[in-house]
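Colleague: Okay, predicted coordinates and the sequence, questions at the end:
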Amino acid sequence: MKTVIIGGVAGGATAAARLRRLDEKMEIVILERGGYISYANCGLPYYVGDVITMRENLLLQTPELMKERFNIDVRVRNEVTRINPKEKTVTVTSDKGEYKESYDELIIATGSSPLTPPIEGINTQGIYTLWNVDDVDKIRSVVDEAKPKTAAVIGGGFIGLEMAENLHARGITVSIIEAQNQVMAPVDYEMASILHEHLDVSGVSLYLNNGVKSFERENDKVKINLTDTSVFADMVILAIGVRPNSSLAIEAGIKVNERKGIVVDSMMKTSEPHIWACGDVVEVDHLVTGTKTMIPLAGPANKQARIVADNICGASKHYKGSMGTSVAKVFDLTVASTGINEKTLQAQGKKKHLDYETALISAKSHAGYYPMATQMFLKLIFTQSGKVLGAQIVGQDGVDKRIDTIATTISNGGTVDALMDLELSYAPPFSSAKDPVNMLGFVAENIRKGLVKFSTKDELEGKVILDVTEDVERDVFSIPNSIHIPLGQLRRRIGELDKNKEIVVYCAIGVRAYNAARILSQNGFEKVSVLEGGISLYKSLIHNINPQGTNKMKQVHAESNVEPLTHSSNIEILDCCGMQCPGPIMKVNNALSNMKAGDILRVCATDMGFARDVESWCARTGNTYMGMEKKDMQTIVTIQKGSTSQNVSQNSCNQNTAQDKTIIVFDGDMDKVMASLIIANGAASMGRKVTMFYTFWGLNALRKTKKVSVKKSFIEKMFGAMMPRGLTKLKLSKMNMGGMGKRMMEMVMKKKHVSSLEELMQQAMAQGVKMIACTMSMDVMGIKKEELIDGVELAGVATYLGEAENANVNLFV
């Protein structure tokens, strides 16, 4: 028997090796159009980033080794140009010319190729795709020799995110451009928001909801024209998606689906006899939904190839299907998913609480008291009957083994009860006595039994928001208009709450909020829910992505010595690794209370939100946040007790040296907004730090002029329609005269060379003026963050007051 295999990477090489192990006498021929077989294509981004330093480590097998070990005839740079089913031959082109190769059995393992949509200028110099060894050689050569300073990655999927990280590791400033509203499509938006925040603070410029309109070459760079703006880069990586390499099958009359994936049965047979297919090129059954799908992943490709080989040798094995279990590294985070996500269910018309439920929790990677425990968010999707439909996890450590555990449960038809009952290994360095997977099962059970209800960030409107955190946590952050009753005081202060109102309880991660909800529920409160993910997730959801980089954390490099702002007599080290919010902040508060003004505190924590929180806390408490550095999974923050205006001798304690300026923009009239921007630009040009806090009608100045499609209630839609959308729609406070007065003023401004409102706004942001939108006012006015221009931060009154305390001028316009 003679078997010919088209394609020699994952599926093709696996099938060939399995065939030989089963049949020593079979003639096996691999025809590969590229120059390499069985290479580690999943490792290519890490070779660009110099994580994998040896190129030969990518080449798992060579034609010579396959011949020597398996007696397989491997022919590289031999491209099959036609399949001839009736003749049972394939037509092949090589550097020696064209020939035909006969077969008894044929395996199509042609894989997939990068998607290159018909965008104007897509073949512009400096644009690359990454899919094979030739591609990585070209990109690595550009990075090593041309030393680009900037790179843009088009697409926020697996390859896009891995390339962004590895280019960043080479010292290149990276932008990610994604047409959708999130990166990493297999996970739901709230889970992706954790990635968005992490990418942003890691120094990546993230452009979401921005499709590419065209590419062009300008000033030795690639100019990428987007929906809302333009981005320049020295090099561009296309990572938009993949398409199946099925043209040979189509021309041979083999049945394909609408996406041009080859249709196979459960034994991997195609519609033509003696022709099999496996890998990225085929359609498969989704293991959860039972529907047809295409899942281009290495794991399924290798399993399918093994089944093909077994069946060619006389077995009767069946491929049960795939559910897309996947994992990826995104800087310091790991993201993983399995099964079906919530947005897919919603697209199918399924309703939450009727057709499915979700449980979203925060847990530690291992026992919190053991060093280096880190936070992870886990989301489970399940039916009321308990069937597990899918799961998603984002965290720093332990993500992969938890997603694999849930994937195994789904594969075996397990339910949420099975997750509760799983007996998993435990020791403090590896897990907790109640593993996060068990905890998902426990929470799912509570939901099914009605012991707890959850609310999302978008479901807070019109409800009483109860904060049960401690005072020190509220100093760091609180949801606007929330009521504060620490959990320990709730029983004696329960009379302050109205039993007839809907109450949403929150804490840092949800545990204390659940306890509070149970207290309320058993005391006659019938409309109580818990904010899913706590404020840890809430802060990621409201984090405003700023591609220009003004949101990036202040950082000091690990190898540098941090110089205190005053001569310090003491430097103390505080280890908060493994502690979860509010633990690190409370330990910092206690430590600083026993230190002298000017002393330095170096804090090590694994809580990823700690650096963000402690910076805000320092501003509120009069201490100096000096910077942060990253070391593996640890965040090391340096704080000096007291503000920069203090002196260790306390001689200058009472001197007010503040030079910052703060402006509240309350009114939305053109002339008033213009006056505030002129003042802000003037102060910024003098080197002063300026904060503009937009509230109520002033928020209209921050709105995009182009209508943005977002989910709103009827009242919110009415508000949005009645209010001016952006700077160009603002009216004069006096003598507007139906817009005539405004047009006259604009003519005078142009004649007198006075910058327009749009130009003033751009100038202010370019000078580093901080633009803050009041989240409480946004909720009241029905304005969503997607409607605001890029570069605007979202915050509450506490943030403004923190800035105002450091200012010597505070204006209300």
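Modeller: In hand now; what should we look at? Residues are numbered from 1 along each chain as shown.
Colleague: and V222, that one's in a strand?
Modeller: Yes - applying DSSP: H, G, I helix; E, B strand; the rest coil, one finds V222 inside a strand.
Colleague: Which residue comes closest to it once chain neighbours are left out?
Modeller: Leaving aside its chain neighbours, V222 sits nearest to G126 (4.5 Å; criterion: Cβ to Cβ, 6 or more residues apart in numbering). Where C-beta positions appear, they are placed from N, C-alpha and C, glycine not excepted.
Colleague: Flag every buried residue along stretch 225-242.
Modeller: Buried residues in stretch 225-242, counting neighbours by 16 or more other Cβ atoms under 10 Å, are found at L226, V231, A233, D234, M235, V236, I237, L238, A239, I240, G241, V242.
Colleague: and that stretch, how far apart are its ends?
Modeller: 22 Å (Cα to Cα, to the nearest Å).
Colleague: From the chain's centroid, how far away is that stretch?
Modeller: 18 Å (Cα atoms, centre = their mean, to the nearest Å).
Colleague: pLDDT of it, averaged?
Modeller: Across stretch 225-242, pLDDT averages out at 93.
Colleague: Can you get me the start-to-end distance on stretch 316-333?
Modeller: 42 Å.
Colleague: Quick check, the residue nearest to V222 in contact with V236.
Modeller: Yes - the pair G126 / V236 is scored as a contact, 6.0 Å apart, by Cβ atoms under 8 Å.
Colleague: Give the residues shared as contacts by these two.
Modeller: By the contact definition Cβ atoms under 8 Å, 6 or more residues apart in numbering, G126 and V236 are jointly contacted by V222.
Colleague: Just the ones of the buried residues of stretch 225-242 in strands?
Modeller: L226, V231, A233, M235, V236, I237, L238, V242 (DSSP state E).
Colleague: Adding distance to L574, write those out as TSV.
Modeller: Output for those, formatted as TSV (distance: Cβ to Cβ, whole Å):
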residue	distance to L574
L226	44
V231	41
A233	41
M235	42
V236	44
I237	41
L238	46
V242	48
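Colleague: which pair in these spans the largest distance?
Modeller: Using Cβ to Cβ, these span at most 23.5 Å, a distance reached by V231 and V242.
Colleague: Stretch 37-56: end-to-end distance?
Modeller: End-to-end for stretch 37-56, by Cα to Cα: 12 Å.
Colleague: What are the contacting residues of that stretch?
Modeller: By Cβ under 8 Å, 6+ apart, the list of residues contacting stretch 37-56 reads 8-10, 12-13, 30, 57-63, 66, 74, 76, 130-133, 135-137, 139-140, 143, 159, 162-163, 165-167, 169-170, 298.
Colleague: Measure how far that stretch is from the centre of its chain, please.
Modeller: 24 Å.
Colleague: Would you mark the buried spots in it?
Modeller: Across stretch 37-56, burial judged by 16+ other Cβ under 10 Å covers I37, S38, Y39, A40, N41, L44, P45, Y46, Y47, V48, G49, I52.
Colleague: In helices, which of these fall?
Modeller: L44, P45, Y46, Y47, V48 (DSSP state H).
Colleague: Which of the residues you listed sits closest to K457?
Modeller: P45 (32.8 Å).
Colleague: Distance of that closest one relative to A675?
Modeller: 50 Å (Cβ to Cβ, to the nearest Å).
Colleague: How about K86?
Modeller: 82 Å.
Colleague: all strands of the stretch 151-300 of the chain, in order?
Modeller: 173-177, 205-207, 212-218, 221-226, 230-233, 235-238, 242-244, 275-277, 284-285, 292-293 (DSSP state E, counting those that start in this stretch).
Colleague: Around S593, count how many other residues there are.
Modeller: 8 (other Cβ atoms under 10 Å).
Colleague: mind checking pLDDT for it?
Modeller: So, for S593, pLDDT stands at 85.
Colleague: Nearest residue to the middle of the chain?
Modeller: Closest to where the C-alpha atoms of the chain average out (Cα atoms, centre = their mean) is L195, at 2.6 Å.
Colleague: where's that one relative to Y189, distance?
Modeller: 10 Å.
Colleague: Okay, now the unreliable bits of the stretch 601-750 of the chain?
Modeller: Scanning the stretch 601-750 of the chain for pLDDT under 70 picks out 608-609, 611-612, 632, 644-658, 685-687.
Colleague: switch the cut-off to 90
Modeller: Scanning the stretch 601-750 of the chain for pLDDT under 90 picks out 602-638, 640-660, 668, 670-671, 680-689, 705-723, 725-750.
Colleague: Quick one: the helices in it, in order.
Modeller: 610-621, 670-685, 714-722, 740-751 (DSSP state H, counting those that start in this stretch).
Colleague: got those as CSV, with distance to G583 and mean neighbour count columns?
Modeller: CSV is the format used below for those (distance: least, Cβ to Cβ, whole Å; neighbours: other Cβ atoms under 10 Å):
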stretch, distance to G583, mean neighbour count
helix 610-621, 9, 21
helix 670-685, 38, 20
helix 714-722, 38, 13
helix 740-751, 54, 13
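Colleague: before we move on, the earlier item: state the pLDDT value of the residue nearest to the centre of the chain.
Modeller: pLDDT for L195: 95.
Colleague: Looks like it contacts A336 (just checking).
Modeller: No - L195 is beyond contact range of A336, at 11.8 Å (criterion: Cβ under 8 Å).
Colleague: residues shared between the contacts of these two?
Modeller: V394.
Colleague: burial count for D404?
Modeller: A count of nearby residues for D404, using other Cβ under 10 Å, gives 15.
Colleague: Would you mind giving the buried residues of stretch 37-56 as TSV with pLDDT and distance to E178 added?
Modeller: Listed next are the buried residues of stretch 37-56 as TSV, based on pLDDT from 0 to 100; distance: Cβ to Cβ, whole Å:
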residue	pLDDT	distance to E178
I37	90	33
S38	86	32
Y39	86	28
A40	87	26
N41	86	22
L44	94	21
P45	95	17
Y46	95	22
Y47	94	24
V48	95	20
G49	94	20
I52	93	26
